[in-house]
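> predicted structure and sequence below. I'll ask about it afterward.
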Amino acid sequence: MSSPVTAPPAPSSLPRIVAASLIGTTIEWYDFFLYGSAAALVFNKLFFPGSDPLVGTLLSFLTYAVGFAARPLGALVFGHYGDRLGRKKLLVLSLLMMGGATFAIGLLPTHATVGAAAPVLLTLLRLVQGFALGGEWGGAVLLVSEHGDARRRGFWASWPQTGAPAGQLLATGVLSLLTAVLSDDAFGRWGWRIPFLLSGVLVLIGLWIRLSVDESPVFKEALERAEARRAEAKSETERLPIVSVLRHHWRDVLVAMGARMAENISYYVITAFILVYATTSAGVSKQTALNAVLIGSAVHFAVIPAWGALSDRIGRRPVYLFGAAGVGLWMFPFFSLTDTGSFGSLILAVTVGLVLHGAMYAPQAAFFAEMFATRMRYSGASIGAQFASVAAGAPAPLIATALLDDYGSSTPIALYVIAAAVLTLVAVGVARETRHRDLARVEEGDGASAGAGAAATARTA
């Protein structure tokens, strides 16, 4: 029995929902990226002193990678309760956890004060950050996807995606300002704490906005139908969302993981590792490298909605495939431009890389949401996205730094990103197009993967 078509939200409510998701994801990504930038610039000296500078950077990036390791656990826990209780409650919790952990990092004593306890405490707080972010992404994009106009879902769902470059822009901007006005000594002693403590204020703003939005109407209807079915069957049991995902959508989880490889790896090479490479191999100052990422992130923010709108016109897959191929082809020019040491060349390298990355990142929200049935959508989208991050984004700066240390050349790093691009091209290439799918009518077993069955095609609009 098909469900009634969900009435679209009032014109004034959708922008408010988009704003709530965007501001929340911006704050959470600000917190997450702030750590990455600090890991590249100062944490090696503050928490891992006595090591060779590059080894200290590797250790610093290792704690950075720990945050990614916690993201799958966050995806499982938040996805489970998000599919049981709703999207909104879990989004509020994730924001509080992320902001609290980031604020606490700003208060941490360094190795000079408490010795080995400092990196241990830093790692524990990084785990909390990763756990919270693992649950944030899926809920934020689903809240918009399930509220929005189906014909423009790619455009509207891409706005929470702009929270990543917005958070990067904010984190890099604050760090760039501080490094410009403070001496290296002052920044290393106390200046680095300011952007972490600022997170406390940002969380209060985000919490106020996020509490003002309604729960997803698609989720409410799905919950009512599930309760009615249980009542008719006189049963109180319900299959766990994760079990349903692995039973009905395991191919789609694999597609999502493959789709994330090039997107995730390229992003952290372009925005985090570049701070190491540009300053150690290309002789660029920290300020110059930060400014290049700052400008590139601003352009990235602007192009993501445009890529999302294009995916509504021609499909999720063509836009995604273009981005994956483009990033792979850009890697050698990316490092060649960086090696010149020119500020203009560095801006061009980062900006073009992020524009191509946006072609993958923009349609990703709608693409992943459209793969899964409503009562397992939070779990499915989160698991597919966050489990991939362990193999992709987590080790990317670490692997890139190790390759640079071993070979003294950017060529192995470029080949590493190209390999990820090939994997993504294969994963997205075998997936079905999803842009016409009605989220309120996606049932168990419908999917975007090539083997998902004829039901997926039958339910397209």
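Nice, thanks for sending it over.
> now residue 202: closest residue in space that isn't a chain neighbour?
residue 27 (4.7 Å; C-beta to C-beta, 6 or more residues apart in numbering). To be clear about C-beta, it is placed using only N, CA and C from the backbone, and glycine gets the same treatment.
> distance of the one you found from residue 267?
19 Å (C-beta to C-beta, to the nearest Å).
> more crowded one of those two?
With neighbours defined as other C-beta atoms under 10 Å, residue 27 and residue 267 compare such that residue 27 has more, 29 against 24.
> so the more buried one touches residue 207, yeah?
No. Residue 27 is beyond contact range of residue 207, at 9.2 Å (criterion: C-beta atoms under 8 Å).
> shared neighbours of these two, which are they?
residue 95 (C-beta atoms under 8 Å, 6 or more residues apart in numbering).
> which residues touch the residue nearest to residue 202?
Residues near residue 27 by C-beta under 8 Å, 6+ apart: 95, 98-99, 167, 199, 202-203, 205-206.
> make it 10 Å
By C-beta atoms under 10 Å, 6 or more residues apart in numbering, residue 27 lies in contact with 95, 98-99, 102, 136, 163, 166-167, 170, 199, 201-207, 209-210.
> I figured residue 47 hits residue 121, correct?
Yes. Using C-beta atoms under 10 Å, residue 47 makes contact with residue 121 at a distance of 9.2 Å.
> which one of these two has more residues nearby?
Neighbour count, other C-beta under 10 Å: between residue 47 and residue 121, residue 47 has more, with 25 against 17.
> can you tell me how far that one is from residue 92?
Going from residue 47 to residue 92 by C-beta to C-beta gives 31 Å.
> equivalent analysis for residue 73, please.
Using C-beta to C-beta, one obtains 19 Å as the distance from residue 73 to residue 92.
> give the next helix or strand downstream of the longest helix anywhere in the chain.
For the chain, the longest helix by residue count, based on DSSP state H, is helix 53-85. Using DSSP states H and E, the helix or strand that directly follows helix 53-85 along the chain is helix 87-105.
> and that next one, what other elements does it pack with?
Where contact means 3 or more C-beta pairs under 10 Å, 6 or more residues apart in numbering; DSSP states H and E, helix 87-105 is packed against helix 13-41, helix 53-85, helix 117-147, helix 193-210, helix 217-233, helix 377-391.
> residue 284 and residue 349 touch, don't they?
No. The pair residue 284 / residue 349 is not scored as a contact, 11.1 Å apart, by C-beta under 10 Å.
> what residues sit buried inside stretch 138-152?
Using 16 or more other C-beta atoms under 10 Å as the test for burial, stretch 138-152 gives 138-148, 150, 152.
> of those, just say which sits nearest to residue 403.
Proximity of the buried residues of stretch 138-152 to residue 403 (C-beta to C-beta) peaks at residue 138, which lies at 31.5 Å.
> grab the nearest non-local neighbour of that closest one.
residue 382 (3.5 Å).
> now the one you found: how far from residue 374?
Residue 382 is 14 Å from residue 374, by C-beta to C-beta.
> more neighbours: which of those two?
Each of residue 382 and residue 374 has its neighbours counted (other C-beta under 10 Å); residue 382 has more, 34 against 26.
> list the contacts for that one?
Residue 382 sits next to 71-72, 74-80, 82-83, 134-139, 141-142, 241, 245, 256, 368, 372 when contact means C-beta under 10 Å, 6+ apart.
> got a pLDDT number for it?
As predicted, residue 382 sits at a pLDDT of 87.
> can you pull the contacts of residue 86?
Residues in contact with residue 86 (C-beta under 10 Å, 6+ apart) are 139, 143, 214-216, 219-220, 223, 378.
> among those, who's most crowded?
Compared across the contacts of residue 86, residue 378 has the highest neighbour count, 33 neighbours, by other C-beta under 10 Å.
> correct me, but that residue touches residue 88?
No. At 11.4 Å, residue 378 does not count as touching residue 88 under the criterion of C-beta under 10 Å.
> and for those two, which residues touch both?
What both residue 378 and residue 88 touch, as defined by C-beta under 10 Å, 6+ apart, is the set 82, 139, 143, 216, 219.
> tell me the contacts of the closest residue to residue 433 other than its chain neighbours?
Ranked by C-beta to C-beta, 6+ apart and with sequence neighbours excluded, the top spatial neighbour of residue 433 is residue 315, at 4.9 Å. Residues counted as contacts of residue 315 (C-beta under 10 Å, 6+ apart) are 154, 321, 363, 367, 433-436.
> quick one on the thing from earlier: intersection of neighbour lists for residue 284 and residue 349?
274, 278, 292, 338-340, 342.
> so can I have JSON lines of these showing neighbour count, pLDDT and secondary structure?
Shown next, in JSON lines, are the shared contacts of residue 284 and residue 349 (neighbours: other C-beta atoms under 10 Å; pLDDT from 0 to 100; DSSP: H, G, I helix; E, B strand; the rest coil):
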{"residue": "274", "neighbour count": "28", "pLDDT": "90", "secondary structure": "helix"}
{"residue": "278", "neighbour count": "24", "pLDDT": "92", "secondary structure": "helix"}
{"residue": "292", "neighbour count": "26", "pLDDT": "92", "secondary structure": "helix"}
{"residue": "338", "neighbour count": "23", "pLDDT": "95", "secondary structure": "helix"}
{"residue": "339", "neighbour count": "18", "pLDDT": "94", "secondary structure": "helix"}
{"residue": "340", "neighbour count": "14", "pLDDT": "94", "secondary structure": "coil"}
{"residue": "342", "neighbour count": "15", "pLDDT": "94", "secondary structure": "coil"}
